[in-house]
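Structure here, sequence nowhere to be found:
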């Protein structure tokens, strides 16, 4: 997960939520949004490389809608194609290794998604 500063200049990591139960995941993400006083949710939208929506994209859409209802916050689905590739490239450049690399990849991906969203709003 990632959060931006109030002026929407920089995205920063706030960690990874590891939860396989959807209801508990929603609770944890909603609690983090409240804790950090989020005003808007940006949810990664895992579209296929050709731009079509697969099952993962539909699950993300449903998750975003439910999270929005739970928090009362508006949301934006943001194309996350190639963010994992970018995150892995960054971690390779910084020589980040070890057992926790998967969580780090997810967190760096969240930062990339949010920063892309922030940057797009400046245009």
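Good, I have the coordinates. Since we're looking at a predicted model, the values are computed, not measured. Residues are numbered from 1 along each chain as shown.

max-length helix in this structure?
helix 101-122 (DSSP state H).

got a list of contacts for that one?
Contact with helix 101-122 is made by 1-4, 8-13, 15-16, 18, 42, 44, 76, 78, 80, 83-84, 86-88, 90-91, 96, as judged by C-beta atoms under 8 Å, 6 or more residues apart in numbering. Any C-beta I mention is one placed from the backbone N, CA and C, and that applies to glycine too.

hmm, which of those residues are the buried ones?
Buried subset of those (neighbour count, 16 or more other C-beta atoms under 10 Å): 1-4, 11, 13, 16, 42, 44, 78, 80, 83-84, 87-88, 90.

Give me the helix or strand of this structure that scores worst on average pLDDT.
Across the helices and strands of the chain, mean confidence by mean pLDDT, DSSP states H and E is lowest for helix 83-93: a mean of 70.

surely residue 66 meets residue 26?
Yes - look at residue 66 against residue 26 with C-beta atoms under 8 Å: they come within range, at 6.1 Å.

Would you mind measuring from the most centrally placed residue in the chain to residue 72?
The residue lying closest to the centre of the chain (C-alpha atoms, centre = their mean) is residue 110, at 3.8 Å. To residue 72, residue 110 is 22 Å away according to C-beta to C-beta, to the nearest Å.

And for residue 22?
According to C-beta to C-beta, residue 22 and residue 72 sit 19 Å apart.

go on, residue 28?
17 Å.

between those two, who's got more neighbours?
residue 28 (15 against 9; other C-beta atoms under 10 Å).

In space, what's closest to the more buried one - neighbours in sequence excluded?
residue 17 (4.9 Å; C-beta to C-beta, 6 or more residues apart in numbering).

so how far is stretch 38-45 off the chain centroid?
Distance of stretch 38-45 from the chain centroid (C-alpha atoms, centre = their mean, to the nearest Å) equals 7 Å.

neighbouring contacts of it?
Under C-beta under 8 Å, 6+ apart, the answer for stretch 38-45 is 3, 33, 57, 60-61, 63-64, 67-68, 71, 73-80, 83, 109-110, 113-114, 117.
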